[in-house]
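Engineer: Build me a model:
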Amino acid sequence: MLDTCSCKFACRYPGSVLCEHDKGRRLEHEYDTAPLLNRRSTDMELKIKRVGDGLDLPLPKYHTDGAAGMDLRAAIRRDHLLMPGDITAFPCGVAIEIPPGFEGQVRARAGLAFNYSVTTLNGVGTIDSDYRGEVGVVLHNHGIRTLKIEPGQRIAQLVISPVQRVVIVEADELSETERGDDGRGSTGSS
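Structural biologist: Numbering: from 1, shown residues only. Modelled structure (predicted):
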């Protein structure tokens with residue numbers, strides 16, 4: 001295991017693919033299996049601050065070039081048993097500064113959903129661009145098996161997406177459509 005980066009400073013977080021002393025230049029450590037991603041001119045900057053019990057956790061990162069989401073981890077000090085039917089809020093140990101015009105979407109991890117029936121309680125959680133507190137994830141165990149959540153375990157995904165704001169215009173009438181006011185199931189099941 002490498003304890004120092006090529007910048008010759010001791011890393012505060014050995015094993016990180018980003019050296020904190022080298023202005024974000026990506027460095028590969030021998031035990032980090034995540035691919036190194038090339039920064040593209042279209043990438044925007046997301047400021048992340050470690051908070052609470054997340055000081056020793058890896059920062060959220062993309063694990064493949066095509067990944068839409070970055071993993072969020074449980075910033076807890078000891079194991080937590082998520083029993084069937086339980087709903088628990090987990091801190092993630094990070095606060096983020098999302099640029100105006102964007103939001104953070106907190107989504108379930110497919111593996112937890114498929115293997116344990118554990119999802120985020122509200123489907124997709126929204127982090128507004130002006131929120132500066134610690135990111136949290138509310139997990140719901142819909143299944144019949146208990147899931148042990150360990151400190152640092154990846155529990156959700158963070159996706160940064162653009163937001164289109166609207167101007168509200170009160171109207172007495174709305175335009176006509178073929179569907180009209182037919183609600184749930186109006187388009188059929190096949």
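Engineer: list the contacts for the residue lying closest to D53 once chain neighbours are set aside?
Structural biologist: In this structure, D53 finds its nearest non-sequential neighbour in A75, 4.3 Å apart by CB to CB, 6 or more residues apart in numbering. Just so you know, the C-beta spots here come from the backbone N, C-alpha and C atoms, and that holds for glycine as well. Residues in contact with A75 (CB atoms under 8 Å, 6 or more residues apart in numbering) are 52-54, 57, 90-94, 134, 151-152.
Engineer: Give me the buried entries from these.
Structural biologist: Among the contacts of A75, those buried by neighbour count (16 or more other CB atoms under 10 Å) are 53-54, 57, 90-94, 134, 151-152.
Engineer: what's the model's confidence in the top strand by length along the chain, averaged?
Structural biologist: In the chain, with assignment by DSSP state E, the single longest strand is strand 87-97. Per-residue pLDDT over strand 87-97 has a mean of 97.
Engineer: Over to stretch 124-140?
Structural biologist: Per-residue scores along stretch 124-140 average to 96.
Engineer: just stretch 70-80 next, same as before
Structural biologist: 96.
Engineer: what's the offset of stretch 97-115 from the middle of its chain?
Structural biologist: Offset of stretch 97-115 from its chain centre (CA atoms, centre = their mean, to the nearest Å): 4 Å.
Engineer: now stretch 106-122
Structural biologist: On CA atoms, centre = their mean, the centre of stretch 106-122 falls 12 Å from the chain's centre.
Engineer: What are the contacting residues of it?
Structural biologist: Contacts of stretch 106-122 (CB under 8 Å, 6+ apart): 69, 71-72, 82, 87, 124-127, 135, 137-145, 147, 154-159.
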